[in-house]
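K.L.:
sequence first, then the predicted structure, then my questions.
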Amino acid sequence: MMRRNTRHRAFDPDPDAPGRLCDMPGCEEQAGYRAPRSRDNLQDYWWFCLTHVRDYNARWDFYKGMTPGQIEAHLRADTSWNRPSWRLGHLGGGQAAQAFEDDRILDPLGLLNGATGGATRRRTNRQKVDDARPEALRQPLEALGLSWPISMDELKSRYKVLARRHHPDANGGDRASEERLKTINVAYTALRAHLTGARQTGLAETG
C-alpha cells in the first residue's frame, strides 16, 4: 500500500487564500497566491492565480522610484533589521543618549573599559607615568621601545633582543643596522647609568 504524500508542494495554493477570484481584472481563476501591494506595507497583499502571481513577481521591483541614496540608506537599515542603533558606549540615541556609568554594569575583567570611562582613566594614568619619567630618559626609552618605569632586568632583556636583531653581522653589514645599533647602545648606557645611580642612592639612604 502506497503512502499518500501530504507535504505541501512549492506551487500549491496558499492554505490561507481568501477563496475568491484572482485580483487581476478580467481573470476568472481562483486566487491562491499572495503578493505584496507595495514596499511600504509588505503585509498588505494582492491575491492572484498562479499565472498572474508569476507575472507580477517577474515585474516586481522593490527599489523602483528610489534614488541611489535612498537605496543605500535602506540597505544599511536592513543590516540592523531596521532597529535603532547608537554609538557604542551609549544607551539610546539622539540627544537623550547617556554614557554608561560604572556602577550600572558588572565588568570584573575590565572588558568594557572603553565604554565605561576606562579609556579616560588609562590616558590619565599614562599621563601620570609620563610626568614621573625623567625628561632625560625620554629619548632613550623611545629608542628601545620601553615605557617608564622599568627595572634593570627589563632593560637588559630588551637590549639583548635589539642588539641581536640589529647587529651588522646579522644584517649583511647593513649600514643602517650599524647606525641603529649605535643608537641602541647609547640609549642602553644612559638608562643603565640612571638605574644604577638610583639603586645606589636608595641603598645609601637605607644604610
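P.N.:
Sure, I can see it.
K.L.:
rest of the way, CA atoms for contacts and neighbours
P.N.:
Will do.
K.L.:
contacts for the top strand by length along the chain?
P.N.:
If you go by DSSP state E, the chain has its longest strand at strand 41-48. The contact list for strand 41-48 (CA atoms under 8 Å, 6 or more residues apart in numbering) reads 17, 21-24, 30-38, 53.
K.L.:
what separates residue 74 from residue 176, distance-wise?
P.N.:
54 Å (CA to CA, to the nearest Å).
K.L.:
oh sorry, the question was meant for residue 136
P.N.:
25 Å.
K.L.:
which residue packs closest to residue 71, ignoring adjacent ones?
P.N.:
Residue nearest to residue 71 in three dimensions, not counting chain neighbours: residue 63, with 6.8 Å by CA to CA, 6 or more residues apart in numbering.
K.L.:
pretty sure the one you found belongs to a helix, no?
P.N.:
No - according to DSSP: H, G, I helix; E, B strand; the rest coil, residue 63 belongs to no helix; its state is coil.
K.L.:
is it true that it touches residue 72?
P.N.:
No - counting by CA atoms under 8 Å, residue 63 stays clear of residue 72, with 10.4 Å between them.
K.L.:
biggest helix in the protein by residues?
P.N.:
The single longest helix within the chain, with elements called by DSSP state H, is helix 175-206.
K.L.:
can you list the buried residues in that one?
P.N.:
Neighbour-count burial for helix 175-206 flags 177, 178, 180, 181, 184, 185, 187, 188, 191, 192, 194 (criterion: 16 or more other CA atoms under 10 Å).
K.L.:
contacting residues for the fourth one?
P.N.:
Residues counted as contacts of residue 181 (CA under 8 Å, 6+ apart) are 162, 163, 166, 167.
K.L.:
the fifth one too?
P.N.:
Taking CA under 8 Å, 6+ apart, we find residue 184 in contact with 140, 143, 144, 159, 162, 163.
K.L.:
mind putting the residues you listed into JSON lines with neighbour count, secondary structure and distance to residue 151?
P.N.:
Below are the contacts of residue 184 laid out as JSON lines (neighbours: other CA atoms under 10 Å; DSSP: H, G, I helix; E, B strand; the rest coil; distance: CA to CA, whole Å):
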{"residue": "140", "neighbour count": "20", "secondary structure": "helix", "distance to residue 151": "14"}
{"residue": "143", "neighbour count": "16", "secondary structure": "helix", "distance to residue 151": "16"}
{"residue": "144", "neighbour count": "19", "secondary structure": "helix", "distance to residue 151": "13"}
{"residue": "159", "neighbour count": "18", "secondary structure": "helix", "distance to residue 151": "12"}
{"residue": "162", "neighbour count": "16", "secondary structure": "helix", "distance to residue 151": "17"}
{"residue": "163", "neighbour count": "17", "secondary structure": "helix", "distance to residue 151": "18"}
